[in-house]
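Student: here is the input, now give the coordinates:
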Amino acid sequence: EVVADGKEEDEVVADGKEESKEPNAEQQKRKCFVRGIGNLSEEDVIAYFTTHGPVEEFEIMREKLHGTSRGFGFMTFASAETAAAVSSHRHSIKGCNVECRIATPKGDAGKPQQQPAEEKVTKVFVGGLDPAVDEAALRSHFEQYGAVVGAEVLLDSGTGKSRGFGFVSSE
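Tutor: Below is the predicted model:
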């Protein structure tokens, strides 16, 4: 690691101005938003995800005042393929249900994402569910429209009752 004027080499260009630290398109495909980590340590999360492929970097986002975990972080994998693979399903790490998604660049947050015409939406949000609707009923209803890979009704962690919404995944 070479340092010039107190800055890492990759931060300095020939005219002395700093380069943008924004990730390029290739790096962006390898970076994931990881949520649901609760109070897991960085070591626990990295140890789990390295079973799927090499992890280059992981950072847990923390409260500025107390330094406590905010329950999410950002992970950069060595390959875009690994990032895509881990973002295709949920994970369980020491009892925490963890979700990993390809990260959205700061400047693109809140903007609708453009999908190539050949890509199909495979996961949809279903809101306004009656409290009596369980995963089996949700799956059964949506199977009349095509093959269903998964159905999930989100439950309140304290009461175990339905939160009134869920997700359905299709092929």
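
Student: what about the helices in this structure?
Tutor: Counting by DSSP state H, the chain has helices at residues 25-30, 42-49, 80-86, 135-142.

Student: do you know which of those lies nearest Glu63?
Tutor: Checking the helices of the chain against Glu63 by Cβ to Cβ gives helix 42-49 as the closest, at 15.6 Å. All C-beta spots, glycine's among them, are computed from the backbone N, C-alpha and C.

Student: what does the closest one contact?
Tutor: With contact meaning Cβ atoms under 8 Å, 6 or more residues apart in numbering, helix 42-49 is reached by 34, 37, 55, 58-60, 73, 75, 77, 86, 91, 93-94, 98, 100.

Student: report the backbone C-alpha coordinates of that helix in CSV.
Tutor: What follows is helix 42-49, C-alpha atoms only, in CSV (Å, rounded to 0.1, in the frame of the first residue of the first chain):
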residue,chain,number,x,y,z
GLU,A,42,-18.8,-9.0,11.8
GLU,A,43,-16.9,-12.3,12.3
ASP,A,44,-20.1,-14.3,12.5
VAL,A,45,-21.5,-12.8,9.3
ILE,A,46,-18.2,-13.1,7.4
ALA,A,47,-17.7,-16.7,8.5
TYR,A,48,-21.2,-17.6,7.2
PHE,A,49,-21.0,-15.9,3.9
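
Student: about what we covered before: determine which two of the contacts of helix 42-49 are furthest apart.
Tutor: Phe77 and Lys94 (20.6 Å).

Student: near Asp134, how many other residues are there?
Tutor: Per other Cβ atoms under 10 Å, the neighbour tally for Asp134 reads 15.

Student: quick check: closest non-adjacent residue to it.
Tutor: The shortest distance from Asp134 to any non-neighbouring residue, by Cβ to Cβ, 6 or more residues apart in numbering, is to Val153 (6.0 Å).

Student: more neighbours: which of Phe77 and Lys94?
Tutor: Just comparing Phe77 and Lys94: by other Cβ under 10 Å the higher neighbour count belongs to Phe77, 26 against 13.

Student: these two touch, right, the more buried one and Lys29?
Tutor: No. At 9.2 Å, Phe77 does not count as touching Lys29 under the criterion of Cβ atoms under 8 Å.

Student: overlap in contacts of these two?
Tutor: Residues touching both Phe77 and Lys29 by Cβ under 8 Å, 6+ apart: Ala83.
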